[in-house]
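[1] Requesting a structural model of the entry that follows:
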Amino acid sequence: MDSVTAVPHPRSASAAPASSGRRSLALALLSGALGAAVALLSTRQRWSEGTVTVPGGSFPLTARGSDVTGVPAALAIVGLAALVAVFAVRRAGRFAVSALLALSGAGIVAAALFGASDGDALDEKAAQASGDASATVATFTHTAWPYAAAAGGALILLAGLLALRYGRLWPAMSGRYERTGAPRPRRAAPKVDPDRPEDVWKALDRGEDPTGADPA
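    Next comes the predicted model:
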């Protein structure tokens, strides 16, 4: 008895890529938007703490993420713009924008991790507070917010990698809004009823012959 080989139904075979495209699109949008929000929020929080000693004693100093580095916030905005632009371009343009999205996330991770151990912002505040340009903070500690910014960058990086892998399956903006070189179809002239004087006058106003005769 001959064995029968099961042939996959064409509809089920075509539904698999579409399903993967929908899932990856939803995950990329969620991770990209969430990552940008976390990165932007983190840069407004306290990243590092320290103390400076002055003739009158010592007092604490703090530095926010935006004081340490402006790279994460800037790249988060770039990442958001790239996430939106993915749907406005196709083919090579989509690949380039997806790569920019991934690079934005990687840049945020690197800048945030480097900023976690950077004490230059606190040293600068110590110099201003003491009036001594060579003054530095006596103690230095950092909070968890730099790592939160790095996590936000990782989410943006994930969105970029998903766009690079599955972006070809994602929808694009409607082509009806794109300008093409093809002429627009000419609208057919409304029919003129010779028994209705208003139709005759309207045809004359449009420069048409109400009788329908071809011009000589």
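[2] What residues sit buried inside the lengthiest helix in the chain?
    In the chain, with assignment by DSSP state H, the single longest helix is helix 10-43. Using 16 or more other Cβ atoms under 10 Å as the test for burial, helix 10-43 gives 21, 24-25, 28-29, 31-33, 35-36, 38-43. Quick note: C-beta positions are derived from backbone N, CA and C, even for glycine.
[3] For Ala96, which non-adjacent residue is spatially closest?
    Val89 (7.8 Å; Cβ to Cβ, 6 or more residues apart in numbering).
[4] Shouldn't that neighbour be within a helix?
    No. Counting by DSSP: H, G, I helix; E, B strand; the rest coil, Val89 falls outside a helix, being coil.
[5] residues in contact with it?
    Ala96, Val97, Ala172 (Cβ atoms under 8 Å, 6 or more residues apart in numbering).
[6] Reformat these as JSON lines; add pLDDT and neighbour count.
    Below are these laid out as JSON lines (pLDDT from 0 to 100; neighbours: other Cβ atoms under 10 Å):
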{"residue": "Ala96", "pLDDT": "94", "neighbour count": "13"}
{"residue": "Val97", "pLDDT": "94", "neighbour count": "23"}
{"residue": "Ala172", "pLDDT": "73", "neighbour count": "15"}
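[7] export those residues to CSV and tack on secondary structure and distance to Ala144?
    Formatted as CSV, the contacts of Val89 follow (DSSP: H, G, I helix; E, B strand; the rest coil; distance: Cβ to Cβ, whole Å):
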residue, secondary structure, distance to Ala144
Ala96, helix, 35
Val97, helix, 32
Ala172, coil, 39
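[8] need the contact list for the residue nearest to Ala85 when sequence neighbours are not counted.
    Closest residue to Ala85 apart from its sequence neighbours, by Cβ to Cβ, 6+ apart: Val97 at 4.9 Å. Contacts of Val97 were listed using Cβ under 8 Å, 6+ apart, and they are Ala82, Ala85, Val86, Val89, Ala163.
[9] Now do the fourth one, the pLDDT please.
    According to the per-residue confidence, Val89 scores 86 in pLDDT.
[10] circling back: phi first, then psi, for the residue nearest to Ala96.
    phi -130, psi 170 (degrees, to the nearest 10).
[11] got it, and Trp170?
    Torsion angles, degrees, to the nearest 10, at Trp170: phi -80, psi 150.
[12] Who are the contact partners of Leu164?
    With contact taken as Cβ under 8 Å, 6+ apart, Leu164 is in contact with Phe95, Ser98, Ala99, Ala102.
[13] tell me the secondary structure for Ser48?
    strand.
[14] tell me which of the contacts of Leu164 is nearest to Val52?
    Closest to Val52 out of the contacts of Leu164 is Ala102 (40.3 Å), distances taken as Cβ to Cβ.
[15] Rounded mean pLDDT for the helix or strand Lys202 falls within, please.
    Taking DSSP states H and E as the criterion, Lys202 maps to helix 197-205. The predicted model gives helix 197-205 an average pLDDT of 65.
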